[in-house]
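Novice: from the sequence below, what's the structure:
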Amino acid sequence: MAAGEVAIGVIFLSQVVFGILGNSFLAYHYLLVYIMGYRLRFTDWILQHLVVANFLTLICKGVPETIADFGLKDFLDDLGCKFLPYLHRVGRGVSISSTSFVGVFQAITINTKCSRWTKDKVKSPCFIASCVYMSWILSLIANIGIPMNMTARWSQRNMTNLKEYGYCAAVYVDKTSDILYVALLSSPDVFFMGLMLWSSVSMVYILYRHKQRMKHIQRSHLSLRSSPETRATKTILLLVSTFVCFYAVSCLLHASLTLMNDPGWLLVNMATIVSGCFPTVSPFLLMIHDSHENPFCFAPARNRKQ
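Specialist: The predicted model follows:
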């Protein structure tokens, strides 16, 4: 086993351990909030699904990659090679859509030009649940081709039409089919990325206008503190910006993997490491940013359910 494989395996293991710990803390917090009868904020409903998507991404991709880099290569059968990548892609798709929804709904909430009805609508648990569950269905359908395309390396005798991805392999047809395949998988992601960019620009513009207005107001001691809504917006903006940065790099790497006939070991591992960064980092961003009144900390301002 080469030293490079061990180093990559340690990175994967670190991502999985820290990612599962961070997301487990958030899952435990939401469970505790529910048991104690506290009212969830509207963004919390979406972020619960983000936690589930993070678990899928880390477990279905990070764990097999860690095992493979520590020397056990052909440990998955054909069924495992079909459904683990499928579940990983589903989790990745829901992660994109959930982050997009958080940004868009928060941008609508703080936008003074939006009507009261629109703001109340995006805060409705039924509306939020409909959007999130539809994103699960869309991700399940959009990635349905993955089980048909993936196979175990040792189950195929004819290795000439396979592209190896470490412990599994993909069936190679031709370049045109690969391009169409990438376009099909990427179309929902591109749509949600567009929503993310729009919401990010909107929130930056709204926060800038708010800061400019505050310069012309006589500031008291209390007014020096930003409002909870402003702090929540900055937290969500940080989350969305982090995702966009990681996803842009990940998208380029995955497109290269799909279009190349023989992707190298380094490229495959780089793509996997970048894909695991957001699910690992995002729970810690949400926990440590704006600690004075974080949506994940118990605060007197949280109302109990009536």
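Novice: what about the longest helix anywhere in the chain, distance to the chain center?
Specialist: For the chain, the longest helix by residue count, based on DSSP state H, is helix 175-215. Helix 175-215 sits 14 Å away from the centroid of its parent chain (Cα atoms, centre = their mean, to the nearest Å).
Novice: what mean pLDDT would you report for it?
Specialist: On average, the pLDDT along helix 175-215 is 79.
Novice: other SSEs contacting it?
Specialist: With contacts taken as 3 or more Cβ pairs under 8 Å, 6 or more residues apart in numbering; DSSP states H and E, helix 175-215 sits against helix 78-110, helix 125-142, helix 228-259. All C-beta spots, glycine's among them, are computed from the backbone N, C-alpha and C.
Novice: hmm, try it at 10 Å
Specialist: helix 78-110, helix 125-142, helix 146-149, strand 168-171, helix 228-259 (3 or more Cβ pairs under 10 Å, 6 or more residues apart in numbering; DSSP states H and E).
Novice: what sits against L239?
Specialist: Applying Cβ atoms under 10 Å, 6 or more residues apart in numbering, we find L239 in contact with 43, 47, 50, 99, 102-103, 106, 278, 281-282, 285-286, 289.
Novice: out of those residues, the closest to S14 would be?
Specialist: The closest of the contacts of L239 to S14 turns out to be V281 (Cβ to Cβ; 11.9 Å).
Novice: sec struct for the closest one, please.
Specialist: For V281, the assignment made with DSSP: H, G, I helix; E, B strand; the rest coil gives helix.
Novice: please name the nearest non-neighbouring residue to it.
Specialist: T242 (6.5 Å; Cβ to Cβ, 6 or more residues apart in numbering).
Novice: how far away is the one you found from A248?
Specialist: According to Cβ to Cβ, to the nearest Å, T242 and A248 sit 11 Å apart.
Novice: compare these two (neighbour count), which wins?
Specialist: Each of T242 and A248 has its neighbours counted (other Cβ atoms under 10 Å); T242 has more, 16 against 12.
Novice: so M260 makes contact with A170?
Specialist: No. Applying Cβ atoms under 10 Å, one finds M260 not in contact with A170, separated by 11.0 Å.
Novice: what do the two both touch?
Specialist: With contacts defined as Cβ under 10 Å, 6+ apart, the residues adjacent to both M260 and A170 are K163, D178.
Novice: look at these two and report which has more neighbours.
Specialist: A170 (21 against 13).
Novice: what about the stretch 151-300 of the chain, any weak spots by pLDDT?
Specialist: 154-161, 173, 214-231, 258, 261-263, 289-300 (pLDDT under 70).
Novice: go again using 50 as the cut-off
Specialist: 220-225, 290-300 (pLDDT under 50).
Novice: what's I273 sitting at in phi/psi?
Specialist: Dihedral pair for I273: phi -60, psi -50, per degrees, to the nearest 10.
Novice: now do the contacts for the closest residue to it other than its chain neighbours.
Specialist: Setting aside the residues directly before and after it, I273 is nearest to I11 in space (Cβ to Cβ, 6+ apart), at 6.0 Å. The contact partners of I11, by Cβ under 10 Å, 6+ apart, come to G62, E65, T66, D69, N269, T272, I273, G276.
Novice: got the angle for the helix or strand hosting the fifth one vs helix 78-110?
Specialist: When secondary structure is defined by DSSP states H and E, N269 falls within helix 265-288. Between helix 265-288 and helix 78-110, the angle comes out at 40 degrees (axes from the mean of the first three to the mean of the last three Cα atoms, to 10 degrees).
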